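Chemist: Curious how this folds, go ahead:
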Amino acid sequence: MKLMLLAGDGIGPEIADATERVLEALEKRHNLGIELFRQPVGLEALKQHGVTVTDETFADAGAVDGVILGPVSTVDYPPKEKGGLNPSAEFRKRFDLYANIRPSRTRPNVPASVKQMDLVIVRENTEGFYADRTMFQGSGEFMPTADVALAVRKITRQGSERIGRAGASIADGRRNKMTIVTKSNVLKMTDGLFRNAAQSGARDYAGIEVEEVLVDAMASLLVREPERFDVVVTSNMFGDILSNLAAELAGGLGVAGSLNAGDGFAIAQASHGSAPDIAGRGTANPVALILSTAMLIGWIGKRQENEAAILAAHAMERAVDAALASGGALTADLGGSASTQDAALAISRAILPE
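Modeler: Take a look at the predicted model:
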C-alpha cells in the first residue's frame, strides 16, 4: 500500500510526524506493506520550487493508493499566478474528489456538547455556491458594478445523483438511514433537483430509508437530537457549515476526521486549519489527521477488497478511542496536557502494546 504524505503548513509537520508514527505501529501489527513517502507542499514547496504544489507531486499522487494531506495556510499564499495554488482545491479538481465524507461521533473522555452522536455528513464537493467550482471558465462570483456583487450556484443531476449514491453506500454499512438536507421550499429548482437526483442515486441500495430535512431545521435538530441521524447528504455550502457544527458538538475539530473521495482516488485531510499560532509548540492535536488516515486505509481496503486493510482501519480508530479514554491522547484543546507526540505514542501503544 503506497501512501503519499504531504505535511502542509503551520502545525501540519507536527501532526504529520505523529500520524507517521501511528502508521509505523499499524504496519508492525497488521503487515499491510505500507510504503510512505513525502513531498513538500504549501509554503515549503513554494520556497523550494516557486509553487505550493508541483506538477511532479500531482503526477506522483496518481501513482499511489492514497494521499494524506496536512492543513495548509492558503491565506499566506501569493496569488495563483505567482505559485499560490490551493493544494486541497487542486487535488479535488484534478482527481474529481466529489465526496467530502466527515463523520462526527461522541468519543470516550472527550468533552462534547451533546450526549450521543454518531453520524456521517456526506458533502457534495465539486459544485454548489463555491466560486472556484461553478464555472467552466471564470469565477462564479462577479461584480457587474462597484455596488453589485452576484454569485452563481450550480447544481447538476450527475453531481447530485452520485453524491446520493455515495451517501447510500455509506448508510448501507451503517444503520440504513439517509437524510437529504436542502432548502427546497425556497430554492425550488436547484435544491429540488438536488433532492430528486440524490434520491434517484440512493435507489441503487435497497432498504435505505431516505428523508428530507430543511437546512434551518437540521441546524436545530443537530443540537437537539443528533442521535436521530445516520448519514446526512447535502450540497457543498450546507455541508461545509453543518459538518463544522456537528464536529464541534461532538468534541471539536481536533477529533474530526475527513476524507475527500472520488471513484478511484481519495485524500485523507483533517477538517481543521493550520493553526500557525501554536505551530512549533508540540501541543497540536493529531487525532483528526490520524482518524482521517484510518478512513483512507479503510477506503483503500474496500476499493481493493483487502480485508486486512479494512480490519486495520477499524483497529486504528479503536486505538484512538482507547488512547482518549485513558487520557493519553487528551491534548490541551480537549482539556488534557498531552503533547502531540504523547498522543501519537498513546495511540501507537494501543495498536501495538510494548
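
Chemist: Walk me through the domains of this structure.
Modeler: Under the assignment automatic domain parsing, the domains of the chain span 1-97+263-354, 113-250.

Chemist: Averaged pLDDT, the last one. What do you get?
Modeler: To tie it back to what came earlier, the one meant is domain 113-250. Across domain 113-250, pLDDT averages out at 95.

Chemist: now do the longest one
Modeler: For domain 1-97+263-354, mean pLDDT rounds to 96.

Chemist: Nearest residue to residue 63 in space, please, no chain neighbours.
Modeler: Nearest non-adjacent residue to residue 63, counting by CB to CB, 6 or more residues apart in numbering: residue 2, 7.5 Å away. Every C-beta, even on glycine, is put in place using the N, C-alpha and C of the backbone.

Chemist: who's in contact with residue 86?
Modeler: Shown in contact with residue 86 (CB atoms under 8 Å, 6 or more residues apart in numbering): 52, 72, 74, 77.

Chemist: So which of these is the closest to residue 63?
Modeler: Checking the contacts of residue 86 against residue 63 with CB to CB, the nearest one is residue 52 at 20.5 Å.

Chemist: shouldn't the closest one be in contact with residue 40?
Modeler: No. Using CB atoms under 8 Å, residue 52 is not in contact with residue 40, being 9.1 Å away.

Chemist: which of those two has more neighbours?
Modeler: In this view residue 52 and residue 40 are compared by other CB atoms under 10 Å, and residue 52 has more residues nearby, 29 against 18.

Chemist: Could I get the phi/psi values of the more buried one?
Modeler: Dihedral angles of residue 52 (phi, psi; degrees, to the nearest 10) stand at phi -70, psi -20.

Chemist: all helices of the protein, in order?
Modeler: Secondary structure of the chain by DSSP state H: the helices cover 12-30, 43-49, 55-61, 87-95, 157-172, 190-202, 215-224, 236-250, 287-303, 307-326, 340-351.

Chemist: Would you point out which residue is most central in this structure?
Modeler: Centroid check for the chain by CA atoms, centre = their mean gives residue 258 as the closest residue, at 2.1 Å.

Chemist: coming back round to it: who wins for most neighbours among the contacts of residue 86?
Modeler: Highest neighbour count within the contacts of residue 86: residue 52, with 29 neighbours (other CB under 10 Å).

Chemist: any idea how far residue 270 is from it?
Modeler: 18 Å (CB to CB, to the nearest Å).

Chemist: returning to that earlier point: most packed of the helices of the chain?
Modeler: Of all the helices of the chain, helix 287-303 carries the top mean neighbour count, a mean of 25, counting by mean count of other CB atoms under 10 Å.

Chemist: Contacts for stretch 158-175 next, please.
Modeler: With CB under 8 Å, 6+ apart as the criterion, stretch 158-175 contacts 98-99, 101, 120, 122-124, 126-127, 177-178, 180, 193-194, 196-202, 204-205, 207-208, 210, 230-233, 235, 261.

Chemist: Let's see the PyMOL selection covering just the buried ones among these.
Modeler: Here is the PyMOL selection string for the buried members of the contacts of stretch 158-175, based on 16 or more other CB atoms under 10 Å:
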select buried, resi 98+99+101+120+122+123+124+126+127+177+178+180+193+194+196+197+198+199+201+202+205+208+210+230+231+232+233+235+261
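
Chemist: Go through the contacts of stretch 158-175 and flag which are in strands.
Modeler: 99, 101, 120, 122-124, 177-178, 180, 210, 231-233, 261 (DSSP state E).

Chemist: Show me which of those residues is closest to residue 135.
Modeler: Of all those, residue 124 has the smallest distance to residue 135: 16.5 Å, by CB to CB.

Chemist: which ones are touching the closest one?
Modeler: Counting by CB under 8 Å, 6+ apart, residue 124 has contacts 98, 99, 100, 159, 160, 163, 194, 233, 234, 235, 236, 239.

Chemist: Now render these as CSV, adding distance to residue 91.
Modeler: Formatted as CSV, the contacts of residue 124 follow (distance: CB to CB, whole Å):
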residue, distance to residue 91
98, 12
99, 13
100, 12
159, 18
160, 22
163, 18
194, 24
233, 22
234, 21
235, 20
236, 16
239, 18
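
Chemist: coming back round to it: of the domains of the chain, give the one that comes closest to residue 105.
Modeler: Counting by CB to CB, residue 105 lies closest to domain 113-250 out of the domains of the chain; the figure is 4.1 Å.

Chemist: and that closest one, how far out from the chain's middle?
Modeler: 15 Å (CA atoms, centre = their mean, to the nearest Å).

Chemist: for stretch 80-96, same thing?
Modeler: 16 Å.

Chemist: Kindly report the same for stretch 347-354.
Modeler: Between the centre of stretch 347-354 and the centre of its chain there are 25 Å (CA atoms, centre = their mean).
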